[in-house]
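Q: no sequence on this one, just coordinates:
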């Protein structure tokens, strides 16, 4: 990391980082979308006006503002404007629906909720008002923030916040239960996470990045911090699909792309349509995380696309834990999740929390500035007595410091970088009259990282169920589209142990993988 980036990384708050970058390179571009360009100086100035507009709506330091918006320049402006006010913001992935959105509004007690109106044929405003009417506390003020944002005179604003260690971000992740968890982050934890990412990828001011994933994901601020530290721009994609998005990658000369395993596979599929010509001539690096990466996919990308691929390990609780570096060996890049940066402690423990030696599989526990401060309204602690976050993931550390993931204690499916709770889907399946019992598992998938497979028992005399019928039922129950099973298996009896008759999911994975 350059001396300038290192100095910026010491910023106390997100807004301080924005101001310092704007002062250094006010005329350099930071956000590119279609024909629009926003410079670092314009970013700061527009954010102050949006912050004043939010202040006029009643948003104050400490106000909880939920927002469910696609990846647009306006979304970044709104999020950064909230950091100027000192509000607590709760980003919600834009394709979440009633179940997740209602839970986030209820648990966060949001006083304001920004939505895009009707987006991709779905009326978010109508959903917001419908959900607000059911809340036990006063409903949030719902406002649309898509093409236009609140505007005002910055003279009305109070001084920006100076405490970077106060929880001002609530990100939502699925747990082992049917309900998501609100992960509490501070400005400093997000700046530390972005600094870790930048340290691993080593971008330069000449790079052109890309944000093709939801900015409401924890990767949004992670990537934004990297842009602010190193002073380079990123192309934003409101809707990512190939080959449609390729025109903007080529027009803007993107050098760094990616997102997760699914993105790598999509780029590779397009490259194979015309092997003789580089898919994006300027592209030098694919990078991402959030889902398992098959080693063979790394080798195929490097060989067929002629670019480097670095993959990492992160989670909503810790946006950047380890990351492959461009100067790692091919073996390490293909088979590990990279190394942790300075300041990130990775401890491998047994079930009782006792540290294990290198090369031994155990539970992964984490400590460092990029680690969250815990969970919203949590009844159980997230940390062990030594202050390490208990992840529930399984892996081992090599003598070189590289981390290899080998499994998960949590019964979570990671599809295209998004955590999906198996129990949430199972609970809904159990309400179907033609389902006697159900188990939902994740199966390895080269395009998605994992795919969702539902395995069911049916009661005697029930008509055989199809995947389309199951998907339609779950969709009608309010389950988000990205969580719907992509494979259905029907068994006479689920495999169980003899003691407590617990379903043996490992046998299902072995059978259907």
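A: Alright, I've got the coordinates. What you are looking at is a predicted structure, and each value in this text was computed from that prediction instead of being measured.

Q: contacts, neighbours, all on C-alpha from now
A: Noted.

Q: Off-centre distance for the longest helix along the chain?
A: Identified as the longest helix of the chain according to DSSP state H is helix 40-57. When distances are taken as CA atoms, centre = their mean, to the nearest Å, helix 40-57 is centred 25 Å away from the chain's centroid.

Q: Contacts for it next, please.
A: Residues from elsewhere that reach helix 40-57, judged by CA atoms under 8 Å, 6 or more residues apart in numbering: 18-19, 21-23, 25-30, 77-78, 80-82, 84-85, 149-157.

Q: again, 6 Å this time
A: Helix 40-57 is contacted from outside by 22, 26, 30, 77, 81, 150-154, 157, using CA atoms under 6 Å, 6 or more residues apart in numbering.

Q: strand partners of the next helix or strand along the chain from that helix, parallel vs antiparallel please.
A: Toward the C-terminus, helix 40-57 is succeeded by strand 64-67 as the next helix or strand (DSSP states H and E). Neighbouring strands of strand 64-67 in its sheet, by DSSP bridges, are strand 88-91 (parallel), strand 112-115 (parallel).

Q: among the ones you listed, which is nearest residue 445?
A: strand 88-91 (28.2 Å; CA to CA).

Q: buried residues in the longest helix of the chain?
A: Within helix 40-57, the residues scored as buried using 16 or more other CA atoms under 10 Å are 40-56.

Q: picking that back up, in TSV, list the strands paired with strand 64-67 along with distance to residue 357 and mean pLDDT.
A: Formatted as TSV, the strands paired with strand 64-67 follow (distance: least, CA to CA, whole Å; pLDDT from 0 to 100):
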stretch	distance to residue 357	mean pLDDT
strand 88-91	39	98
strand 112-115	48	98
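
Q: can I get these in a markdown table with distance to residue 143 and mean neighbour count?
A: Listed next are those as a markdown table, based on distance: least, CA to CA, whole Å; neighbours: other CA atoms under 10 Å:
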| stretch | distance to residue 143 | mean neighbour count |
| --- | --- | --- |
| strand 88-91 | 15 | 25 |
| strand 112-115 | 5 | 24 |
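
Q: In the stretch 1-150 of the chain, what residue spans correspond to helices?
A: In the stretch 1-150 of the chain, the segments counted as helices under DSSP state H, counting those that start in this stretch are 3-8, 14-24, 40-57, 73-85, 98-108, 124-132.

Q: follow-up on the earlier one: and the longest helix of the chain with helix 73-85, angle?
A: 70 degrees (axes from the mean of the first three to the mean of the last three CA atoms, to 10 degrees).

Q: got a list of what the closest residue to residue 14 other than its chain neighbours touches?
A: Nearest residue to residue 14, sequence neighbours excluded (CA to CA, 6 or more residues apart in numbering): residue 187, at 5.5 Å. Shown in contact with residue 187 (CA under 6 Å, 6+ apart): 13-14, 164.

Q: and what of residue 26?
A: 40-41.

Q: What ranges does the stretch 251-400 of the chain have for its strands?
A: 256-259, 285-288, 308-315, 318-323, 345-349, 362-367, 389-397 (DSSP state E, counting those that start in this stretch).

Q: how about TSV for those, with mean pLDDT added?
A: Listed next are those as TSV, based on pLDDT from 0 to 100:
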stretch	mean pLDDT
strand 256-259	92
strand 285-288	94
strand 308-315	93
strand 318-323	94
strand 345-349	97
strand 362-367	95
strand 389-397	91
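
Q: Same list, the ones you listed, but as JSON lines with mean neighbour count please.
A: Converted to JSON lines, the strands of the stretch 251-400 of the chain look like this (neighbours: other CA atoms under 10 Å):
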{"stretch": "strand 256-259", "mean neighbour count": "24"}
{"stretch": "strand 285-288", "mean neighbour count": "22"}
{"stretch": "strand 308-315", "mean neighbour count": "24"}
{"stretch": "strand 318-323", "mean neighbour count": "28"}
{"stretch": "strand 345-349", "mean neighbour count": "20"}
{"stretch": "strand 362-367", "mean neighbour count": "23"}
{"stretch": "strand 389-397", "mean neighbour count": "20"}
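
Q: got TSV for the ones you listed, with distance to residue 242 too?
A: Below are those laid out as TSV (distance: least, CA to CA, whole Å):
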stretch	distance to residue 242
strand 256-259	13
strand 285-288	15
strand 308-315	19
strand 318-323	26
strand 345-349	37
strand 362-367	35
strand 389-397	32
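
Q: Those: which one's closest to residue 219?
A: Comparison of the strands of the stretch 251-400 of the chain against residue 219 by CA to CA identifies strand 318-323 as nearest, at 6.6 Å.

Q: which helices and strands does that closest one pack with?
A: Other helices and strands packing on strand 318-323, by 3 or more CA pairs under 6 Å, 6 or more residues apart in numbering; DSSP states H and E, are strand 308-315.

Q: Quick check: which ranges of the stretch 1-150 of the chain have low pLDDT?
A: 1 (pLDDT under 70).

Q: what do you get if the cut-off is 90, keeping everything else the same?
A: Scanning the stretch 1-150 of the chain with the threshold set as pLDDT under 90 gives 1-7, 99-100, 136-139.

Q: Next, count neighbours for the residue nearest to residue 507 when sequence neighbours are not counted.
A: Nearest residue to residue 507, sequence neighbours excluded (CA to CA, 6+ apart): residue 495, at 7.1 Å. The tally of other residues near residue 495 (other CA atoms under 10 Å) stands at 15.
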